[in-house]
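Engineer: Build the 3D model from these lines:
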Amino acid sequence: MQCPSCQHTDSRVLESRAADCGRSVRRRRECLNCDFRFTTYERVETVPITVVKRNSNRETFNRSKLLHGVLRACEKTGLEPARLEAVVDEIELQLQQRSGREVTSSEIGELVLAQLGEMSEVAYVRFASVYRQFQGVSDFVATLEGLNQRTKLRSKTKPSLAAIG
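Structural biologist: So this is what the prediction gives:
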């Protein structure tokens, strides 16, 4: 590591600790030539993910855009922002673990809807209305009917309290 003061390339590590929620390592270093102390950060280099939009344009995956969309859908639902950030982290991790480097915006939207469907029906409908570009009331009704069916299926698979007791 090159010293910012004298550009000497030898330094020793004084201290290392996790930073950025464990996604990087912060190291305090000391130059062996001039004794100048400085900090470096070590991060895993990820290959950028390309998002293919509906109009076939391509752009680099932007975590903050996804987080903004999720936060907007979840306004006034009582969901904690930290929980929503964890959802976006999970989706980003899923995208990084894929073998391909391109993903369609519709695939990302479906990943978000899967997460929101478990957390908040209101947020699910809000996000779906923008993502699926609802044109009228019939689109909302169809989505609500789908949610109702999923809720009925989930309630059938869960044991009732009377059966447990």
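Engineer: What are the boundaries of the strands in the chain?
Structural biologist: With strands called from DSSP state E, the chain shows them at 11-19, 24-31, 37-43, 50-52, 58-60, 102-104.
Engineer: Let's have those strands in a markdown table, adding mean neighbour count.
Structural biologist: Backbone N, C-alpha and C define where each C-beta goes, glycine included. Shown next, in a markdown table, are these (neighbours: other C-beta atoms under 10 Å):
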| stretch | mean neighbour count |
| --- | --- |
| strand 11-19 | 12 |
| strand 24-31 | 16 |
| strand 37-43 | 13 |
| strand 50-52 | 16 |
| strand 58-60 | 9 |
| strand 102-104 | 14 |
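Engineer: of the ones you listed, which approaches G117 most closely?
Structural biologist: Between G117 and the strands of the chain, the tightest spacing by C-beta to C-beta is seen for strand 102-104, at 19.4 Å.
Engineer: For the lengthiest helix in the chain, buried residues please.
Structural biologist: In the chain, assigned by DSSP state H, the helix with the most residues is helix 137-157. Applying a neighbour-count criterion of 16 or more other C-beta atoms under 10 Å, one finds T143 buried in helix 137-157.
Engineer: Distance from it to the middle of the chain?
Structural biologist: Chain-centre distance of helix 137-157: 25 Å, with C-alpha atoms, centre = their mean, to the nearest Å.
Engineer: let's have the chain start at 410 instead
Structural biologist: Sure, I'll start counting at 410 from here, so that last one is helix 546-566.
Engineer: Which neighbouring elements make contact with it?
Structural biologist: helix 530-540 (3 or more C-beta pairs under 8 Å, 6 or more residues apart in numbering; DSSP states H and E).
Engineer: Mind listing residues that contact the helix it packs on?
Structural biologist: Applying C-beta atoms under 8 Å, 6 or more residues apart in numbering, the external contacts of helix 530-540 come out as 478-479, 481-483, 486, 488, 518, 521-522, 525-526, 543, 548-549, 552-553, 556, 560.
Engineer: Recalculate using a threshold of 10 Å.
Structural biologist: 478-488, 493, 514-515, 517-519, 521-527, 529, 543-544, 548-549, 551-553, 555-557, 559-560 (C-beta atoms under 10 Å, 6 or more residues apart in numbering).
Engineer: what is the orientation angle of that helix with helix 546-566?
Structural biologist: Interaxial angle of helix 530-540 relative to helix 546-566 (axes from the mean of the first three to the mean of the last three C-alpha atoms, to 10 degrees): 140 degrees.
Engineer: How far does helix 530-540 sit from its chain's centre?
Structural biologist: Relative to its chain's centre, helix 530-540 lies at 17 Å (C-alpha atoms, centre = their mean).
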